[in-house]
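A.B. asks: prediction below, plus the sequence it came from.
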Amino acid sequence: MSHNFDNGNHFDSDSTPEEANAMKITPDFVPMIRIIFWNSMGFFFFSFLIPYVTIQLLGGTGTVLGLTFSIQTMGGLISAPFVGYLTDRVSKKLLILIGSFGRGTSYILMYLGILLSSLLLFAIGMFVLGLFVGFFWTPLDTLISEKSNKSNRSFAFGKRAGMIGKGNLVGSIISVIIFGLAIIFTPENLFLVYSPLILFAASNVLGGIIFHRKVDEELTYDKHIFNLFPSSVEPIMVSKEPVMPDSSVKPKNNLATGFFFGFSVLTIAFMLSSMNQSLAYPFFQVYLIEELKVEMPILVMLICFPAQVLSLLFAPKLGKIADKVNPVLGVAVVSGLGALVTWFIINSTSGLMFGFILLFDATFAWGGNLILQNVLSRISKIHRGKIFGAAQWLSLLGAVLGPTLGGLAWDSLGPSAPFMISIFIELSVIPLYAIAIISLKPYMAEKVD
């Protein structure tokens with residue numbers, strides 16, 4: 001298959017392999033992530049909607065809210081294992097298209113659940129969303145890894161997050177205008193108040209179609225460099241990736257033991273981190289409303305907006321930083337700072353202070369995510385889909401446990417309980433990540449200095 005590479009990344013005939021490797025991404029990387037814009041427009045409205053609809057509109061309790069979040073994650077638990085397997089074997093674009101259509105369908109189901117005042121139908125929509133979200137992100141993360149330089153992998157994932165932020169920003173403006181005006185002037189007109197869900201269902205379908213038509217999944221970073229410099233760059237044959245790269249140095253059994261130990265600890269840490277993030281997250285809005293007395297829905301949206309959107313726009317810059325720091329040190333710093341700002345959150349005295357601190361919390365969380373996605377992407381080339389799928393499955397398991405535990409803690413121990421538990425977990429995963437990253441380092445298919 002031939003490719004046209006003359007789109008702004010031109011190199012003359014005197015370019016060296018080092019100059020080629022200085023390229024961070026393939027020529028179609030930016031067009032690929034631009035399409036994410038359409039799939040991300042509903043993120044902010046969706047995240048606002050779950051606690052608002054469950055508690056304020058449908059009269060659920062803290063435990064019910066936690067279970068509603070968990071139902072979404074249960075769908076992901078079902079799909080993640082076989083999606084990871086399929087990602088390494090079938091068209092990634094097809095999987096992303098299926099995921100986009102599935103997410104669009106879930107938004108429509110949630111819209112109908114609201115109109116019919118049916119918590120059950122709303123929860124079914126959440127389940128469908130979780131079921132199909134893996135079809136989108138696992139193959140997409142694999143494509144991002146394949147189309148970027150190993151030394152700039154966090155930057156590549158940061159670009160992805162930045163595009164999510166741009167789509168989120170535009171979608172947030174649309175939803176705030178429609179929801180805000182409708183809730184003020186015609187609050188009884190549920191068709192209009194929650195109509196952004198229909199718009200975002202359509203944007204997901206559109207994004208999936210555009211992605212399927214425009215992205216060349218056969219063009220990897222290694223192929224791109226080889227096609228530019230066939231006489232001076234050795235092509236990387238996927239089939240030749242060693243199972244245990246250093247088998248000439250250590251016995252294979254020891255290598256296998258060390259690798260699986262490190263990967264097992266890493267997945268456990270992922271599960272705990274996901275449980276931690278989802279443990280307190282569902283209750284941010286409820287805490288604002290019930291503890292800080294911010295009762296107007298539009299004000300709640302505006303307070304949560306910076307953390308939901310601006311933190312994503314910062315992600316490309318965070319990715320550049322993440323590529324330059326030691327991953328163990330980076331995870332320790334962002335986890336420690338995340339625990340600190342969570343403490344500040346529950347000691348906030350106003351909605352404005354709450355929103356400002358929440359922005360820092362979300363930014364630190366994204367910084368940690370970029371570091372860990374970098375590590376995951378470099379473990380293997382030929383099994384990236386399986387690795388991302390396995391990590392996602394275990395993180396989803398944590399996301400099932402987190403909201404349920406948080407809801408029970410909220411109802412039985414008080415509003416501050418989910419946040420206090422979150423602080424403890426965030427600090428406890430630091431040594432786990434350190435052990436996992438150090439153990440896996442000798443076995444990385446893509447090593448960086």
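C.D. replies: In hand now; what should we look at?

A.B. asks: just the buried residues of the helix or strand residue 75 falls within, please?
C.D. replies: Using DSSP states H and E, residue 75 maps to helix 62-87. Residues 62-77, 79-80, 83-87 are the ones in helix 62-87 that count as buried (16 or more other C-beta atoms under 10 Å). In short, each C-beta sits where N, CA and C put it, glycine included.

A.B. asks: low-confidence stretches in this structure?
C.D. replies: 1-23, 56-63, 226, 228-256, 297, 447-449 (pLDDT under 70).

A.B. asks: using PDB, write down the CA coordinates of stretch 402-418.
C.D. replies: Output of stretch 402-418 as PDB, limited to C-alpha atoms (Å, rounded to 0.1, in the frame of the first residue of the first chain):
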ATOM      1  CA  GLY A 402     -15.500   2.400  43.800                       C
ATOM      2  CA  PRO A 403     -19.000   4.000  43.300                       C
ATOM      3  CA  THR A 404     -20.700   1.300  45.300                       C
ATOM      4  CA  LEU A 405     -18.200   1.700  48.200                       C
ATOM      5  CA  GLY A 406     -18.500   5.400  48.000                       C
ATOM      6  CA  GLY A 407     -22.300   5.300  48.100                       C
ATOM      7  CA  LEU A 408     -22.300   3.100  51.100                       C
ATOM      8  CA  ALA A 409     -19.700   5.300  52.800                       C
ATOM      9  CA  TRP A 410     -21.800   8.400  52.000                       C
ATOM     10  CA  ASP A 411     -25.000   7.000  53.400                       C
ATOM     11  CA  SER A 412     -23.500   5.400  56.500                       C
ATOM     12  CA  LEU A 413     -20.400   7.500  57.500                       C
ATOM     13  CA  GLY A 414     -21.200  10.900  56.100                       C
ATOM     14  CA  PRO A 415     -20.500  13.100  53.100                       C
ATOM     15  CA  SER A 416     -16.700  13.300  53.800                       C
ATOM     16  CA  ALA A 417     -16.200   9.600  54.000                       C
ATOM     17  CA  PRO A 418     -15.800   8.800  50.200                       C
END
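
A.B. asks: buried ones in that stretch?
C.D. replies: So for stretch 402-418, counting by 16+ other C-beta under 10 Å, buried means 402-411, 415-418.

A.B. asks: for residue 430, state which of these is nearest.
C.D. replies: Nearest to residue 430 out of the buried residues of stretch 402-418 is residue 402 (C-beta to C-beta; 18.0 Å).

A.B. asks: how close does the closest one sit to residue 74?
C.D. replies: For residue 402, the distance to residue 74 (C-beta to C-beta, to the nearest Å) stands at 13 Å.

A.B. asks: quick one on the thing from earlier: turn the buried residues of stretch 402-418 into a markdown table, columns for distance to residue 106.
C.D. replies: As requested, the buried residues of stretch 402-418 are exported to a markdown table (distance: C-beta to C-beta, whole Å):
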| residue | distance to residue 106 |
| --- | --- |
| 402 | 20 |
| 403 | 18 |
| 404 | 21 |
| 405 | 25 |
| 406 | 23 |
| 407 | 22 |
| 408 | 26 |
| 409 | 28 |
| 410 | 26 |
| 411 | 27 |
| 415 | 30 |
| 416 | 32 |
| 417 | 30 |
| 418 | 26 |
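
A.B. asks: let's have the residues you listed in a markdown table, adding distance to residue 349 and secondary structure.
C.D. replies: Converted to a markdown table, these look like this (distance: C-beta to C-beta, whole Å; DSSP: H, G, I helix; E, B strand; the rest coil):
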| residue | distance to residue 349 | secondary structure |
| --- | --- | --- |
| 402 | 27 | helix |
| 403 | 26 | helix |
| 404 | 30 | helix |
| 405 | 27 | helix |
| 406 | 23 | helix |
| 407 | 25 | helix |
| 408 | 27 | helix |
| 409 | 22 | helix |
| 410 | 20 | helix |
| 411 | 24 | helix |
| 415 | 14 | coil |
| 416 | 14 | coil |
| 417 | 19 | helix |
| 418 | 19 | helix |
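
A.B. asks: out of those, which one sits closest to residue 194?
C.D. replies: Using C-beta to C-beta, these come closest to residue 194 at residue 403, 22.1 Å.

A.B. asks: mind jotting down where the helices sit in the stretch 51-200 of the chain?
C.D. replies: 62-87, 92-115, 119-146, 153-185, 190-193, 196-214 (DSSP state H, counting those that start in this stretch).

A.B. asks: how about those helices, which one is nearest residue 304?
C.D. replies: Nearest of the helices of the stretch 51-200 of the chain (C-beta to C-beta): helix 153-185, 9.7 Å.

A.B. asks: list the buried residues of the closest one.
C.D. replies: 153-172, 174-176, 178-180, 182-183.

A.B. asks: stretch 350-367 now?
C.D. replies: 351, 354-367.

A.B. asks: please apply the same query to stretch 215-225.
C.D. replies: Those buried within stretch 215-225 under the rule 16+ other C-beta under 10 Å are 215-217, 219-225.

A.B. asks: roughly how far does residue 102 sit from residue 83?
C.D. replies: Distance of residue 102 to residue 83, computed by C-beta to C-beta: 11 Å.

A.B. asks: mind listing the shared neighbours of the two?
C.D. replies: residue 135 (C-beta atoms under 8 Å, 6 or more residues apart in numbering).

A.B. asks: distance to residue 202 added to the buried residues of stretch 215-225, as JSON lines?
C.D. replies: Below are the buried residues of stretch 215-225 laid out as JSON lines (distance: C-beta to C-beta, whole Å):
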{"residue": "215", "distance to residue 202": "20"}
{"residue": "216", "distance to residue 202": "26"}
{"residue": "217", "distance to residue 202": "25"}
{"residue": "219", "distance to residue 202": "29"}
{"residue": "220", "distance to residue 202": "32"}
{"residue": "221", "distance to residue 202": "33"}
{"residue": "222", "distance to residue 202": "37"}
{"residue": "223", "distance to residue 202": "35"}
{"residue": "224", "distance to residue 202": "34"}
{"residue": "225", "distance to residue 202": "38"}
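
A.B. asks: roughly how far is stretch 391-404 from the heart of the chain?
C.D. replies: How far stretch 391-404 lies from its chain's middle: 13 Å, per C-alpha atoms, centre = their mean, to the nearest Å.

A.B. asks: doesn't residue 442 make contact with residue 258?
C.D. replies: Yes - Residue 258 is in contact with residue 442 according to C-beta atoms under 8 Å; the separation is 7.1 Å.

A.B. asks: which residues touch residue 31?
C.D. replies: Here residue 31 is in contact with 214-215 (C-beta under 8 Å, 6+ apart).

A.B. asks: returning to what we had before: of the buried residues of stretch 402-418, closest to residue 266?
C.D. replies: residue 402 (18.4 Å).
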